[in-house]
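# Okay, sequence plus prediction incoming.
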Amino acid sequence: MILLFNSGLLDNIDDISISGTGIALRRLKQEVRDDINKLQDEQIAELNTQQKRIDLLQEQQSATLQFLVRYLIDGNELKHLIKLNSQEEFNFKFDDDLAMELKHLRAMGFINNFVGKGIEKVQQDREGDLKNYFHITEEGKSYLALRKTLGINEIPGLGEDGRWHRDIRDSGKILN
């Protein structure tokens, strides 16, 4: 026992227990401690790498969602949806583009027509308040709310004439 105290071995011993069967020494070497610390550092580094990947994926998903929401419907359709959601009258003059836009909004579930007042009736009447024919649905209101939540306020493709242009050639602008 005296040898134990004088040998310097005591500095490396973490636990001494004495029992009826003898003396037990538990020694945790510095190398083991270093290995544990190294493993912990590696695990922390891996967790940080995984968190960066998760953050990047979330940014990509957010960008994808913003893109899809921004371009799900065209500018004219968005203007129609906004007007149908407002308290103001929505005066229209019928043309084939209006019919196509209303069909798309209805197919998306964003608007619905009143009974007996669908696109054929709009075509027959040629002009009037579109709110007498169509109304925005809860899905349409949710879509507008989502655009607002995502901070998407612009109307895409809006030309100088106030109409959305499906093709840049329709807007009268030439790209150089």
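Structure's in. What do you need? Residues are numbered from 1 along each chain as shown.

# And the lengthiest helix in the chain, what does it pack against?
Criterion DSSP state H: the longest helix present in the chain is helix 30-71. When contacts are defined as 3 or more Cβ pairs under 8 Å, 6 or more residues apart in numbering; DSSP states H and E, helix 30-71 sits against helix 138-149. C-beta: built from backbone N, CA, C; applies to glycine.

# For Arg70, see how far away the spatially most central residue of the chain is.
Centroid-nearest residue in the chain: Ser62, 3.4 Å away (criterion: Cα atoms, centre = their mean). From Ser62 over to Arg70 the distance is 12 Å, taken as Cβ to Cβ, to the nearest Å.

# Could you do Tyr133 as well?
27 Å.

# between those two, who's got more neighbours?
Neighbour count, other Cβ atoms under 10 Å: between Tyr133 and Arg70, Tyr133 has more, with 21 against 15.

# Number of residues surrounding the nearest residue to Leu144 once chain neighbours are set aside?
Nearest residue to Leu144, sequence neighbours excluded (Cβ to Cβ, 6 or more residues apart in numbering): Asn85, at 6.0 Å. Look at Asn85: counted by other Cβ under 10 Å, it has 17 neighbours.

# you'd agree Asn85 is up against Tyr143?
No: Asn85 is beyond contact range of Tyr143, at 9.8 Å (criterion: Cβ atoms under 8 Å).

# number of nearby residues for Leu130?
22.
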